[in-house]
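Undergrad: Structure for the following, please:
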Amino acid sequence: ASSSLIIKMGKGAVRVVVRTRPTANFAHGVLTVKPENASVDVFIKRKESQGLVNNQRTNYSFRFDNVLHNVSQDNVYDDCGRDIVANVMNGYNGTIMAYGQTGAGKTYTMTGGLADYKVRGMVPRAIQQVFSEISARPEQAVTVRISYLEIYNETLFDLLTPGNSANGDDIQILDDAKGAISTRGLTKAVAATEEDALNLLFEGEANRAIGEHQLNKASSRSHCIFTLHIEQRSRVESSERVLQSKLHLVDLAGSERVSKTGSSGVVLKEAMYINRSLSFLEQVVNALTDRGRDHVPFRQSKLTHYMRDSLGGNCKTLMVANIWGEESHIDETISTLQFATRMMKVRTEAVVNVQLDPALLVKKYEREIKELKQELAMHDALAGRAKVQYEEYDEEQRYQLQQQIRQYVDGEIEELPVQNLRHVREFFGQFKALCQQVMADGGGRAGLKSAGSMRPGTAGISGTEPPAETEEEEQGVGTVEGGGFGVGVASDDARPSKPVGAGMGGRDSSIGDAPSPAPSPARKVRVEGGAVPDKADAFAEFKENEGKELNDMLKGNIASLKDKKKAIKDAAIQVNQCKSDIDVMKGQLEEMRAKNGNSKAESGQQIVDEEEFAIIKKLKEAKSSYRENFEQMRMLKSEAEYTQRLVDSSRTKMVAEFDAWFAALYEGGDGVARDVNSGPSKAVSIAQAADMENDGEVMDDAEKFERMEVDKVMSEDPESLAFHKARKARMMGKTQSNLGASRAKRH
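TA: From the prediction side, this is the model:
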C-alpha cells in the first residue's frame with residue numbers, strides 16, 4: 001500500500017491528428033487534404049437517383065490539431081508520440097490510440113513493419129525513447145513493467161501469458177479507492193533493457209488475433225493495448241517520493257461494413273463484436289462532450305471501462321484518426337472524421353501522481369527521530385545536563401521516581417527536579433499509581449509513605465519482580481546514565497581484557513599481534529618431464545609472439561576508446577557552455593523586457609528594439625549550436641559504446657586463444673611438459689583458436705554470421721541493435737513452436 005500526492009495541472013483537450021493512407025487512387029475531386037491548415041474538406045456529388053427534392057449533404061469541412069498526408073513513420077512519431085512519452089517520463093499518464101476503418105493503417109501506425117527497423121511504428125519508437133530517457137537520468141532509479149492486453153469478442157486475453165489461455169475470466173478490470181483503473185490477473189513483466197521490452201512486444205504480437213477479408217489480408221480482429229508502467233524514485237533525494245506513470249499504446253480494431261468485407265462465419269462474428277464496442281466508445285465520447293449529462297456509460301464495454309482514465313480522466317491523450325482516401329471508402333472516411341471531431345471536445349485532467357511509500361516514510365521518520373535525539377543529547381551536554389532520559393522509563397527508574405516523590409511528600413526535598421517533558425509525564429504517572437494504591441489500601445499519609453517505599457514487584461504498583469543486581473552488573477563495563485538513550489560513562493577499571501578487534505572473525509586473540517605472513521611466491525606446477533611456467537609469464541610471452549596481432553588490435557581499440565571518451569568530454573563541455581550562454585541570454589532578455597515594459601504596436605504585435613533583437617538572434621544561434629553539439633555528443637556516445645564492445649570482444653578473444661595455446665603446450669594430456677617454443681606440438685592451432693569463444697568451443701558458421709551481422713548493425717545504426725536482437729530472437733522462437741495453437745482455441 002502507498003499513499004499518493006497528486007499535483008494538479010488543469011484540464012486540456014484530447015489532441016487529434018489525422019493520417020491518410022498512401023494510395024494511387026486518391027479521391028482528388030472528392031477529398032481535399034490541407035496539411036498547412038490542418039483541415040480536410042469533403043465534397044460529395046448529389047445523387048440524381050433520389051429525385052429533385054434531395055436534402056443530401058454534399059459539403060463537409062473538418063479542422064484538427066494536425067493533418068499528416070503521405071508522411072514517413074519518423075514524422076508521425078515526432079508529431080504524435082515524442083511529447084507524450086516525454087510527459088510520461090515526467091510523471092503524467094499518457095495514451096496514444098489509433099482509430100479508423102479496417103485497412104486504413106492503424107496497426108502500421110502503432111507497430112509498423114516489425115521486419116524493418118526504419119518503418120517501425122510508434123510502439124517500438126516509444127520503447128526506445130523511454131529507455132533513452134532512463135539512460136540520460138542516472139540520478140533516477142527507474143523500473144519499467146510491461147503489460148499487453150487484448151480484447152477479443154468482449155473477452156480479455158493476456159498476450160504475454162505462455163499459451164495465451166482462453167479463460168478471460170482470470171483478468172478483471174477494477175476501480176481503486178481513488179477512481180483509477182487497475183487490472184487483476186494481467187501480467188506486468190519487468191523490462192530491464194530496451195531489448196527485453198521489444199522481446200515482450202514481439203511475443204505479444206505473435207499471439208494477437210489476425211483475420212483476412214476482402215479489404216485487409218492481415219486485419220486485427222481485436223483491440224490491443226500495450227502499456228508501459230513506469231516507476232521512478234530518486235537515488236539522491238527523498239527516496240519515499242515515487243513517480244508512477246503509465247503509457248497506453250492502443251491499436252483499435254477497425255470498423256467494418258460487411259457488404260464491403262464479405263465476412264462470414266467466425267470473421268463475421270468478430271466484426272459484430274468490433275462494431276458494437278466501437279459504437280459503445282462513440283456513446284461514451286458523446287456523453288463526455290454533453291455537459292447536461294451526469295452519467296457516462298463506461299461500463300457498457302470492456303474497452304471503454306479499461307480506457308476510462310484515457311477518456312476524460314487523469315491522462316494526456318492523443319488520437320490518430322486513420323483514413324483511406326479513396327472514393328470507394330468516402331462514407332467510412334466521413335464517419336471517422338466526424339468521430340475525430342467529437343473526440344477533440346473531450347477534456348482530460350492530467351496530473352502528476354507522486355506516490356509516497358509508507359515503509360520508506362517510516363524509515364525516514366525513524367532516521368529523523370534518531371537525529372533529533374542526537375541533537376538533544378548534544379544540546380544537553382553543552383548545557384551541562386548529563387542525566388537526561390528521553391526513552392521509556394524502565395522499572396528501576398520508575399522506582400527511583402517513587403523514592404523522590406516519597407521524599408517530596410515527607411518534606412525531605414523542597415521541589416522535584418524536572419528535566420524534560422518525558423520526566424514530567426513519568427512523575428505524574430507515578431503520583432497517580434501511588435495515590436491509587438493508597439486509596440485501595442484505605443491508608444493516609446503513612447500509606448503513601450509505605451507504598452512509595454516498596455520496590456517494584458514486592459506488593460506495589462508494578463507487579464513485576466525487581467531487577468536482580470548481580471555481581472556482574474556491579475562490575476560491568478561502565479555505569480549507564482539512567483538507561484535508554486544515555487551514552488554512559490566507563491569506569492576507570494573498565495578496560496577490555498582483549499585488544500580491540502580480538503576475537504573478530506572467529507580468530508584467537510593471540511593472533512592479533514602476530515605479523516601477517518609474507519605472500520607466497522608464484523607456484524610452478526610440476527608434471528612428468530618438466531615444469532609448467534607461471535601463467536602470467538606465459539601470457540606475456542604469448543602477447544609478444546603468437547598473440548601479438550590480437551594484442552595490437554586490443555591496444556588500438558583501447559586507444560580509440562580513450563580518444564572517443566576525450567571527445568565526449570570535450571563535447572559535453574561545449575554543450576554545458578552553450579547551455580550556460582543560453583541561460584545568461586534568457587536572463588538578459590527577461591531583464592530587458594521587464595525594464596522596457598510590454599510595448600505593443602497598434603496592431604497588437606510586440607515591439608522589439610534593436611538591442612533586444614540582437615539578443616534574440618544570438619539566443620537562436622546559441623540554441624542551434626546547443627542542438628548540434630548535443631547531437632554530436634550523442635553520436636560520440638554511440639560510437640564509444642560500439643568501441644567498448646570491440647574492446648571487450650578483443651580481450652575475450654585474446655584470453656580464449658591464450659587458454660587454447662597454453663592448454664596445447666602444457667596440458668596436452670600425455671603428462672609431459674612441452675617447451676614454450678615447440679610450435680609443431682601444439683594441439684590447437686592459432687587459426688582454430690581465432691574462432692573460439694570463452695568456453696573453448698569452435699564457432700560454427702551460424703555463430704560467425706551472427707557476429708558479423710551484429711557488427712554490421714552497429715556500424716550502420718547502433719541504436720537499432722536492440723530491435724534487431726529482439727526481432728531475431730522472436731523469429732527463432734517462431735520456427736521452434738506452433739504459434740497457431742492459441743488461435744485455434746479461440747476460433
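Undergrad: Let me know the average pLDDT across stretch 344-360.
TA: Stretch 344-360 comes out with an average pLDDT of 83.
Undergrad: How about stretch 419-439?
TA: 82.
Undergrad: List the buried residues in that stretch.
TA: 422-423, 426-427, 430-431, 433-434, 437-438 (16 or more other C-beta atoms under 10 Å). C-beta coordinates here come from the backbone N, C-alpha and C atoms, glycine included.
Undergrad: residue ranges of the helices in the stretch 51-200 of the chain, please?
TA: Here the stretch 51-200 of the chain has its helices, by DSSP state H, counting those that start in this stretch, at 73-80, 82-89, 106-110, 122-135, 194-206.
Undergrad: that older thread, just the ones in strands from the buried residues of stretch 419-439, please.
TA: Among the buried residues of stretch 419-439, no member falls in strands (criterion: DSSP state E).
Undergrad: List just the nearest of the residues you listed to Ile84.
TA: Nearest to Ile84 out of these is Arg422 (C-beta to C-beta; 55.0 Å).
Undergrad: Now that closest one. Nearest residue, chain neighbours left out?
TA: Of all residues not flanking Arg422 in the chain, Tyr390 sits nearest, at 5.7 Å (C-beta to C-beta, 6 or more residues apart in numbering).
Undergrad: returning to that earlier point: in helices only, show me the buried residues of stretch 419-439.
TA: 422-423, 426-427, 430-431, 433-434, 437-438 (DSSP state H).
Undergrad: ok, Ser147 - contacts?
TA: 158, 160, 183, 186-189, 226-227, 229 (C-beta atoms under 8 Å, 6 or more residues apart in numbering).
Undergrad: Turn those into CSV, columns for pLDDT and distance to Gly411.
TA: Output for those, formatted as CSV (pLDDT from 0 to 100; distance: C-beta to C-beta, whole Å):
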residue, pLDDT, distance to Gly411
Asp158, 90, 81
Leu160, 89, 82
Thr183, 87, 75
Leu186, 90, 76
Thr187, 90, 78
Lys188, 92, 73
Ala189, 92, 77
Phe226, 95, 83
Thr227, 95, 78
His229, 95, 72
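Undergrad: can you put those in TSV and add neighbour count and distance to Ala567?
TA: As requested, these are arranged in TSV below (neighbours: other C-beta atoms under 10 Å; distance: C-beta to C-beta, whole Å):
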residue	neighbour count	distance to Ala567
Asp158	22	47
Leu160	19	41
Thr183	17	48
Leu186	22	46
Thr187	18	43
Lys188	14	41
Ala189	16	38
Phe226	28	38
Thr227	19	39
His229	16	37
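Undergrad: which one of those residues is nearest Ile173?
TA: Thr183 (5.8 Å).
Undergrad: With Phe298 as the reference, measure out to the closest one.
TA: Distance of Thr183 to Phe298, computed by C-beta to C-beta, to the nearest Å: 15 Å.
Undergrad: One more: Gln419?
TA: Distance from Gln419 to Phe298, by C-beta to C-beta: 62 Å.
Undergrad: and if you look at Leu159?
TA: 23 Å.
Undergrad: who's more crowded, the two?
TA: Higher neighbour count among Leu159 and Phe298: Leu159, with 25 against 22, using other C-beta atoms under 10 Å.
Undergrad: Per-residue pLDDT of that one, please?
TA: 89.
Undergrad: So it sits against Asn207, correct?
TA: Yes: between Leu159 and Asn207 a contact is recorded at 4.6 Å, counting by C-beta atoms under 8 Å.
Undergrad: Report the set of residues contacting both of the two.
TA: Common neighbours of Leu159 and Asn207 (C-beta under 8 Å, 6+ apart) are Glu150.
Undergrad: Going by residue numbers, what spans are helices in the stretch 301-450 of the chain?
TA: 302-306, 330-343, 358-382, 395-409, 421-441, 445-453.
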